[in-house]
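1. Show me the folded form of this:
(chains A and B)
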Amino acid sequence: MSTLADLLDRRDARLALIGLIVFLIAAAFPWTVPGLAGLPPLLARLVGGLLIAGLAVANILVLRRMPFEFQVLLAWAELLLVFALFFWSFGLDYRFILANVPGLLGFGAGQAFLQGAVLTVVICLVSIAFATLLALIGALARLSGNGLAFGVATFYISFFRGTPLLLQVLLIYLGLPQIGLTLEAVPAGIIALSLCYGAYMAEIFRAGIEAVGRGQREAAASLGLTHAQAMRLVILPQAMRLVIPPTGNQFIAMLKDSSLVSVMGVWELMFLARTYGRAEFKYMEMLITAALIYWLLSAVFEVIQARIERHYGKGVRP
Amino acid sequence: MPLSRRGAVLAAALSLVAAAEVSAGEALDRIKEAGVLTMSTDPEYPPQSSLDPATNEFQGFDIDVGREIARRLGVDIRFVTPGWDVITAGRWAGRWDISVGSMTPTEERAQVLDFPAVYYFTPASLVVHKDNETIATPADAGGKRIGVGVATTYESYLKKDLTIDVADAPPFTYQIDDAEIRTYDTDLLALDDLRLGDGTRLDAAFTALPTILDAIERGYPFKIVGEPLFKEPLSVAIDKGDPELAAEITRIVDEMKADGTLAKLSAQYYGTDLTQ
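-> Residues are numbered from 1 along each chain as shown, chains lettered A, B, ... in the order given. Coordinates of the predicted model:
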């Protein structure tokens, strides 16, 4: 094993390995090499694979000499190009896509007030607010000495982390009317998302609170702060810094999980993508467009998260 | 014993809830009072029901039949779009009043829904990729991979446990043995997989003939195998327990059959009269 590790320490050996892997992947596709249409299939695979592996290796050799920022930029640009070529090869109907982007976003002709991507974002913002509240209560209850609070919190966390979100959505939408409470689809979806993500985030919050040093607690107590004051003024602000990155993660996950509420007939992004695609038998077009919109939304929230992180990280920045 | 008394109270409360659900005429009263008939529809099934992306208006055969029923009831119509399995699960809790959704009245569904009126019949056909050479008759598809929508009558047919719960259902025989059933969220996903190529993921798909014809018209490389395997009656569905609404729907649909309205709509969307 040590010889393999030694080998991998060498730059050129690593490069050769990468070249080999790219070749094997590329050779798995049935290429048609331009200008050599008459090539037998196996040979075409070999030539195609070699060409692409060669491109990849040459690319790495060139990039090596560049400064870091340039490498990052070029890596993104190249991957985006490969992505674009991949989708280009589907032969999609781009006019259809362009015509329906406003509809998917929620600004199409004849659409109600809240639909599409706008509705997705609104559902997630409201749900993340409730989920944060639930998570805070859940975490504090889990950390409290009160057996009843601890029991309720652990039961809640265990159930909502341990069952599929789709099931929770359906239980709330179809189950509650059985005991006389008939919710509309959007509120039912918000409740399900809040409860589910509140349970996950309660564990994040607990970890954040526990990670604040014991000395902080003792110092607060020695200053005469009550337990509640210490929590509010000393512990939680420090815990926030630790909690923000995983919470941002949860929010981005929720953005995509919110498509599950479409089973109740909520006209969010995924529902409209499927329905528009079906109407014209152009399913791929709408799925890819929806994917790009989700991605863009996530990117926006990544930026927002970075801002919030900077705000709560003030105390520890050098 | 206190425990059993509490149990009795709970049972009484539950029976009250149950009683409230099944009181006769309630749904009809609600519709007339609100002046709106709320219809559930699954807009992923052209030409029965789809959403026009340009206008965000519903369109299709089911939509027009629903509109006509509402017109004859003297009320407006509103559409909601819960998932198909949410619709067929029943217990609608007054969220919507009616499903004009090309639903086959099976025995299982009849346990939670009422089927007041069959409004047309759809032939169910087997379809293969146009490059296929091995499946010339439905019987040839025995043991092959066949794609169907989940919880559809097509799946039940392949499993040989299809029971249709209406008096005048046309008789049929099972012609495909030991199919390797591949279920999809909707029938159209099965068609998308079949489109990839003969035998790539599926050897055949099994769904409504109008759906297949619509796909072929949009350029899907398919050919239809033999004659339809069964003709399924498709019914309007309402939540269980309102005989007055059921009677009203039966009357209206009979009227639409008698005066040729249904036949005309069928010709418009399917190019032929499927209502007989």
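
2. Counting by contacts, list what the helix or strand B:Ala124 falls within packs against.
-> Secondary-structure element containing B:Ala124, defined by DSSP states H and E: strand B:113-129. Helices and strands touching strand B:113-129, as assessed by 3 or more CB pairs under 8 Å, 6 or more residues apart in numbering or on different chains; DSSP states H and E, comprise strand B:98-103, helix B:153-158, helix B:187-195, strand B:204-208, helix B:209-217, strand B:222-239, helix B:243-258, helix B:261-270. For glycine as for every other residue, the C-beta is placed from the backbone atoms N, C-alpha and C.

3. what helices or strands is the last one leaning on?
-> When you say that, I think you mean helix B:261-270. In terms of contacts (3+ CB pairs under 8 Å, 6+ apart), helix B:261-270 is packed against helix B:61-73, strand B:113-129, helix B:243-258.

4. Same check on the third one?
-> For helix B:187-195, the elements it packs on are strand B:44-45, strand B:113-129, strand B:145-149, strand B:180-184, strand B:204-208, helix B:209-217, strand B:222-239, judged by 3+ CB pairs under 8 Å, 6+ apart.

5. So for it, mean pLDDT?
-> When pLDDT is averaged along helix B:187-195, the result is 92.

6. and chain B, which residues reach chain A?
-> For chain B, the residues in contact with chain A under the definition CB under 8 Å from any CB of the partner chain are B:17, B:40, B:43-46, B:50-57, B:59, B:80-83, B:85-86, B:89, B:91, B:93-95, B:188, B:192, B:214-215, B:218-220.

7. does whichever residue of chain B sits closest to chain A sit in a helix, a strand or a coil?
-> Distances from chain B to chain A, computed as CB to the nearest CB, single out B:Ala93 as the nearest residue at 3.4 Å. Look at B:Ala93: counting by DSSP: H, G, I helix; E, B strand; the rest coil, its state is coil.

8. Wait, it touches A:Thr182, no?
-> Yes: proximity of B:Ala93 to A:Thr182 meets the contact threshold set by CB atoms under 8 Å, at 4.6 Å.

9. and these two? which has more neighbours close in?
-> Taking other CB atoms under 10 Å in any protein chain shown, B:Ala93 and A:Thr182 do not tie; B:Ala93 has more neighbours (17 against 13).

10. buried sites along stretch A:207-214?
-> Judged by neighbour count using 16 or more other CB atoms under 10 Å in any protein chain shown, the buried positions of stretch A:207-214 are A:208-209, A:212.

11. Just put those in JSON lines and tack on pLDDT.
-> Compiled in JSON lines, the buried residues of stretch A:207-214 are given as follows (pLDDT from 0 to 100):
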{"residue": "A:Gly208", "pLDDT": "95"}
{"residue": "A:Ile209", "pLDDT": "94"}
{"residue": "A:Val212", "pLDDT": "91"}
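
12. Let me know the closest of those to A:Leu225.
-> A:Val212 (13.9 Å; CB to CB).

13. OK, contacts around B:Val236?
-> Under the criterion of CB atoms under 8 Å, 6 or more residues apart in numbering or on different chains, the contact list for B:Val236 reads B:65, B:69, B:98-100, B:103, B:115-117, B:119, B:249, B:253.

14. What of B:Ile164?
-> B:104-107, B:153, B:232-233.

15. Identify the bridge partners of it.
-> Taking DSSP bridges, one finds B:Thr106 as the beta-bridge partners of B:Ile164.

16. Give me the local confidence score for it.
-> At B:Ile164, the model reports a pLDDT of 81.

17. how many neighbours does A:Val261 have?
-> So A:Val261, with other CB under 10 Å, has 27 neighbours.

18. is it true that it lies in a helix?
-> Yes: the assignment for A:Val261 is a helix, going by three-state DSSP.

19. That one - nearest residue in space that isn't next to it in sequence?
-> Excluding its sequence neighbours, the residue lying closest to A:Val261 (CB to CB, 6 or more residues apart in numbering or on different chains) is A:Gly189, at 3.3 Å.

20. check contacts around the one you found.
-> Listed by CB under 8 Å, 6+ apart, the contact partners of A:Gly189 are A:123, A:169, A:258, A:261, A:264, A:266.

21. again, only this time at 10 Å
-> Listed by CB atoms under 10 Å, 6 or more residues apart in numbering or on different chains, the contact partners of A:Gly189 are A:119, A:123, A:126-127, A:169, A:172-173, A:183, A:258, A:260-264, A:266, A:268.

22. quick one: strands adjacent to the strand holding B:Ala124?
-> Using DSSP bridges, the strands paired with strand B:113-129 are strand B:204-208 (antiparallel), strand B:222-239 (antiparallel).

23. and the shortest one with helix B:209-217, angle?
-> Interaxial angle of strand B:204-208 relative to helix B:209-217 (axes from the mean of the first three to the mean of the last three CA atoms, to 10 degrees): 120 degrees.

24. same question, the last one
-> Orientation of strand B:222-239 against helix B:209-217 (the same axes, to 10 degrees) gives an angle of 140 degrees.

25. quick one: strand B:222-239 to chain centroid distance?
-> How far strand B:222-239 lies from its chain's middle: 10 Å, per CA atoms, centre = their mean, to the nearest Å.

26. swap in stretch B:177-197?
-> Relative to the centre of its chain, stretch B:177-197 is centred 18 Å away, using CA atoms, centre = their mean.

27. With stretch A:308-318 instead?
-> Using CA atoms, centre = their mean, the distance between the centre of stretch A:308-318 and that of its chain works out at 23 Å.

28. what do you get for stretch B:115-128?
-> The chain centroid and the centroid of stretch B:115-128 are separated by 8 Å under CA atoms, centre = their mean.

29. Adding distance to A:Ile157, write the strands paired with strand B:113-129 out as JSON lines.
-> Formatted as JSON lines, the entries for the strands paired with strand B:113-129 read as follows, by distance: least, CB to CB, whole Å:
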{"stretch": "strand B:204-208", "distance to A:Ile157": "43"}
{"stretch": "strand B:222-239", "distance to A:Ile157": "36"}
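
30. So which of the ones you listed is the most surrounded?
-> When you average the neighbours per residue for each of these (mean count of other CB atoms under 10 Å in any protein chain shown), strand B:204-208 leads with a mean of 27.

31. And stretch A:108-118, what's buried?
-> A:108, A:111, A:114-118.

32. In ChimeraX, how would I select just the buried ones from the residues of chain B next to chain A?
-> Under the burial definition 16+ other CB under 10 Å, those of the residues of chain B next to chain A that qualify are selected in ChimeraX by:
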select /B:40,43,44,45,46,50,51,52,53,56,59,80,81,82,83,86,89,93,95,188,192,214,215,220
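
33. picking up where we left off before, redo the helices and strands packed on helix B:261-270 as a markdown table? Include mean neighbour count and mean pLDDT.
-> Shown next, in a markdown table, are those (neighbours: other CB atoms under 10 Å in any protein chain shown; pLDDT from 0 to 100):
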| stretch | mean neighbour count | mean pLDDT |
| --- | --- | --- |
| helix B:61-73 | 22 | 97 |
| strand B:113-129 | 23 | 94 |
| helix B:243-258 | 17 | 95 |
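
34. which residues touch stretch A:68-79?
-> Contacts with stretch A:68-79, where a contact means CB under 10 Å, 6+ apart, come from A:56, A:59, A:62-67.
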